[in-house]
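>>> sequence and predicted structure below; questions after.
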Amino acid sequence: MIPSEQLFTRTSYSKVGITLLRGLLVLLILLAAAPGRAAGLATSKAAGKRLNVLFIVADDLRPELGCYGNQAVRSPSIDRLALRSLVFDRAYCQQAVCSPSRTSVMTGTRPDTNRVWDLNTHFRGALPGVVTLPQLFGAHGYATRGLGKIYHGDLQDAPSWTAPAVSAERRPLRKGRRAAGKRPDHRDEHALLTATPEAWAERVTNTDRGPAVRATDDPPNGGGEGRLADEAIESLRELSGQDKPFFLAVGFRKPHLPFSVPASYWQLYDQHAIPLAPNRFLPDGAPRFSLADKNELWKYSGVPDVSDLPEYYARQLKHGYYAAISYMDAQLGRVLTELDALGLRETTIVVLWGDHGWKLGEHSRWCKHSNFEDDARAPLLIATPGLTSGGGHTDALVEFVDIYPTLAELAGIPKPDHLEGISLKPLLECPTMAWKAAAFSQYPRTVSRQRLMGYSMRTDRYRFTRWVARDDPSAVIAVELYDHRTDPQENVNIADDPAHAPLAAQLAEQWLAGWRGALPRRAQGTKGDQ
C-alpha cells in the first residue's frame, strides 16, 4: 500500500451585580473553548466581525530567514511577523515543485489524490467538483481575490475567486537552448570547480531566458514584486471598505529564479562572506536518481554547464538568492504595514508559507525537485488574533495539506469531507502538544524509461524513502534512510547497512500505514480533519 497520503473566582456581590455575574459566566463558557487564550477566532473581538485572511506565498522560499535562525539573511519584515505568529519549524510540502505543492495547499489533498505531479496538469481533471480553499471562503460570504502567483503558470482556477485573479507580469516560458560552444569535459569537472569566470567563457549555457543572476536598476520598491505589493495595498484598501470579510491571496514570485533584483538588495550582502553549503558532495549510498541533475537553473544564460558548479558561480547564486529574499521581504513588509495602517491587524489572520524548499549547493545540487529535507521543508507562519499575539515556535511535524482545514476552522467555516490534512488550531493553542508521527512527501522520476515514485516519510528522527515502480507499487526499486540525530544533512544513506535492518523494517511498516496512520490519536479514523 502506498501512502497517499479555564476559573471562576469567588467574590462578594450585591443583588445589582447578579446580572453582571450571569454575563461573566457566559463569557467564561466561551473562553473555555480556547483555554488560556483571548477570545476571538471566528469573529473579531474588536468589531464583532468575522476574521479576514491575508494568505501570502513566496515562491521557492526555504526556511533561510532570521526567524528560523539564519542571521546572515536580511528578512526584517518576516521576522517582525514571526513575533506575533506561531512559527512552524518543521513544515513539509507534499511535493517539492510549484504546481503540485500549491495544488495540495489549495485543495487540501495530496498528489496521488489530485493527480498533479507536474507543471502541466490541472487538478480539476481528477477532481472536477473539488471546493478549493478560497472557493470555500467565497461560498461563506467572503470576498476572495488572488494576486500574483497563487496557482502555477496558466493553471488558473476561476471558481476559486469572487473577483478575477490578477497575475503579476510573467515572462513567457521558453525551452532553454544549450550553448553552441564547446561542452565541458566532465572528466575535468572537479579540477574546474575553483576556476575563474574567464575559464568558463565557452562552457556556459546560452538561452533566450537571460541570465540567472542580475542586479537591476529598478528602485527598491520597483520591479515585479513592487508592482505586486502596490496591487495588494490597493486591494486591502478596497476590501477593507466592504461590508463583508475578505480572503486576499498574494503570491510573491521571489526568491524564484531569475535572481533579477534591484541593486540595493544586492548591496546588503558581501558575496565572499556568505557561507557556502557545508556538504557540497553527493549523499553516500543514495541512488543517483534521488537528486535531479541539471534542472531549471540551466535554462538561463551564463550558467557553467556542469552539475557541480564552480565556487565563483555558487557564490553568485547564493548572493542572488539572499538578495531576492530581502527584496520580497521588503515588499511583503509594505503590505503588512498597510494592513496595520488600515486597522486590520486585530481582524485578520495572516499566513505566510513558501511552496517548497530550495537547495543552495547542498549535495552539489541546486533548486528543488527531490525528497531531501532541503527541498521538502519550507517556512510556515500563522498569525491569528487572540491566539498567537505572543509569538512562538513549534517543532511539531506538520504538512501543507493542513493549511486548508486550519484556516477554515479559525474562520469558523465547516470543513469539507475531502480534506487529507488536519487543523493546526490545537497547536496554535498549545505548541508543545503531541502531534503527527510523520510528514509525507513524494517525487516522481523516470529512470531508463521506467516511471518511478519516491514516497518519503519524515519522522521525528528519521527520513525514510521508498522508490517504487508506478505501474507496480509493490516493486521496490530503492530505499533511503537518514538519521537526523547523527546526520541532519542527510549525507549518508544507511538503508542497506545490516546493523540498521531492524530499524528499516520498523520504518517500512510505519511507511505502509501512510499519512492516516501518522495522525494524532484524536484524529485517527477520519479521512483527515472533518
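The structure has been received and is ready for your questions. Numbering: from 1, shown residues only.
>>> helices of the chain, start to end?
18-31, 76-82, 98-107, 111-114, 133-139, 189-192, 223-240, 263-266, 311-341, 373-376, 403-410, 425-429, 501-517 (DSSP state H).
>>> quick check: domain ranges of this protein?
Using automatic domain parsing, the domain parsing of the chain gives 6-36, 48-437.
>>> give me whichever of those domains is most buried.
Of all the domains of the chain, domain 48-437 has the most neighbours on average by mean count of other Cβ atoms under 10 Å, namely a mean of 20. Any C-beta I mention is one placed from the backbone N, CA and C, and that applies to glycine too.
>>> which pLDDT value does the model give Leu193?
Listed pLDDT for Leu193 reads 37.
>>> any buried residues in stretch 505-523, and which?
Leu507, Ala508, Gln510, Trp511, Ala513, Gly514, Trp515, Arg516, Ala518, Leu519, Ala523 (16 or more other Cβ atoms under 10 Å).
>>> can you pick out the most distant pair from these?
Ala508 and Ala523 (23.2 Å; Cβ to Cβ).
>>> before we move on, the earlier item: so can I have TSV of the buried residues of stretch 505-523 showing pLDDT?
Compiled in TSV, these are given as follows (pLDDT from 0 to 100):
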residue	pLDDT
Leu507	99
Ala508	98
Gln510	98
Trp511	98
Ala513	98
Gly514	98
Trp515	98
Arg516	98
Ala518	98
Leu519	98
Ala523	66
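>>> could you dump those residues to a markdown table with distance to Ile78?
Converted to a markdown table, those look like this (distance: Cβ to Cβ, whole Å):
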| residue | distance to Ile78 |
| --- | --- |
| Leu507 | 34 |
| Ala508 | 38 |
| Gln510 | 34 |
| Trp511 | 34 |
| Ala513 | 36 |
| Gly514 | 33 |
| Trp515 | 29 |
| Arg516 | 33 |
| Ala518 | 29 |
| Leu519 | 30 |
| Ala523 | 30 |
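>>> ok, back up a step: how about the helices of the chain, which one is nearest Cys67?
Using Cβ to Cβ, the helices of the chain put helix 76-82 closest to Cys67, at 3.6 Å.
>>> I would like the residues contacting the closest one, please.
Contacts with helix 76-82, where a contact means Cβ atoms under 8 Å, 6 or more residues apart in numbering, come from 65-67, 329-330, 332-333, 336, 350, 352, 379, 381, 383, 391.
>>> redo those residues as TSV? Include pLDDT and distance to Pro220.
Output for those, formatted as TSV (pLDDT from 0 to 100; distance: Cβ to Cβ, whole Å):
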residue	pLDDT	distance to Pro220
Leu65	98	19
Gly66	98	19
Cys67	98	22
Asp329	99	12
Ala330	99	7
Leu332	99	13
Gly333	99	11
Leu336	99	16
Val350	99	23
Leu352	99	21
Pro379	99	23
Leu381	99	24
Ala383	98	25
Gly391	88	27
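>>> and which of those residues is nearest Val53?
Nearest to Val53 out of those is Val350 (Cβ to Cβ; 8.0 Å).
>>> name the nearest residue to that closest one, sequence neighbours excluded.
Leaving aside its chain neighbours, Val350 sits nearest to Ala383 (4.3 Å; criterion: Cβ to Cβ, 6 or more residues apart in numbering).
>>> first-to-last residue distance for stretch 383-401?
From its first residue to its last, stretch 383-401 covers 18 Å (Cα to Cα, to the nearest Å).
>>> now it, how far from the centre of its chain.
14 Å (Cα atoms, centre = their mean, to the nearest Å).
>>> out of the domains of the chain, flag the one nearest Gln450.
Among these, domain 48-437 sits nearest to Gln450 (Cβ to Cβ), with 9.9 Å.
>>> centre of the chain to the closest one, how far?
That offset, for domain 48-437, works out to 6 Å (Cα atoms, centre = their mean).
>>> which residues does the top strand by length along the chain contact?
Longest strand in the chain, counting residues (DSSP state E): strand 472-483. Residues outside strand 472-483 that contact it (Cβ under 8 Å, 6+ apart): 1-2, 283, 286-287, 289-290, 371, 447, 450, 452-453, 456, 461-469, 490-496, 500, 503-504, 507-508.
>>> what bridges to the closest residue to Pro219 other than its chain neighbours?
Excluding its sequence neighbours, the residue lying closest to Pro219 (Cβ to Cβ, 6+ apart) is Pro262, at 6.6 Å. Beta bridges link Pro262 to Thr216 when assigned by DSSP bridges.
>>> just to revisit the earlier point, make TSV from the domains of the chain and add distance to Val479 to it.
TSV is the format used below for those (distance: least, Cβ to Cβ, whole Å):
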stretch	distance to Val479
domain 6-36	43
domain 48-437	9
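>>> circling back: correct me, but the residue nearest to Pro219 touches Gly224?
No. Contact criterion Cβ atoms under 8 Å: Pro262 and Gly224 do not qualify, at 10.7 Å.
>>> weakest of the domains of the chain in terms of mean pLDDT?
Ranked by mean pLDDT, the domains of the chain end with domain 6-36 in last place, scoring a mean of 33.
>>> ranges for the strands of the stretch 101-250 of the chain?
143-148, 213-216, 246-252 (DSSP state E, counting those that start in this stretch).
>>> of all those strands, which one is nearest Asn120?
Nearest of the strands of the stretch 101-250 of the chain to Asn120, taken as Cβ to Cβ: strand 246-252 at 19.0 Å.
>>> which helices and strands does the closest one pack with?
strand 52-58, helix 133-139, strand 143-148, helix 223-240, helix 311-341 (3 or more Cβ pairs under 8 Å, 6 or more residues apart in numbering; DSSP states H and E).
>>> can you list these in a markdown table and add distance to Ala408?
As requested, the helices and strands packed on strand 246-252 are exported to a markdown table (distance: least, Cβ to Cβ, whole Å):
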| stretch | distance to Ala408 |
| --- | --- |
| strand 52-58 | 10 |
| helix 133-139 | 6 |
| strand 143-148 | 13 |
| helix 223-240 | 19 |
| helix 311-341 | 21 |
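>>> so which of these gets nearest Trp298?
With Cβ to Cβ, the closest approach to Trp298 among the helices and strands packed on strand 246-252 belongs to helix 311-341: 11.7 Å.
>>> got the angle for the closest one vs strand 246-252?
In terms of direction (axes from the mean of the first three to the mean of the last three Cα atoms, to 10 degrees), helix 311-341 departs from strand 246-252 by 160 degrees.
>>> tell me what angle helix 311-341 forms with strand 52-58.
Counting by the same axes, to 10 degrees, helix 311-341 lies at 170 degrees to strand 52-58.
>>> tilt between helix 311-341 and helix 223-240?
Angle, helix 311-341 to helix 223-240, by the same axes, to 10 degrees: 20 degrees.
>>> test my guess that Leu236 contacts Asp230.
No. Counting by Cβ under 8 Å, Leu236 sits too far from Asp230 to count as a contact (11.0 Å).
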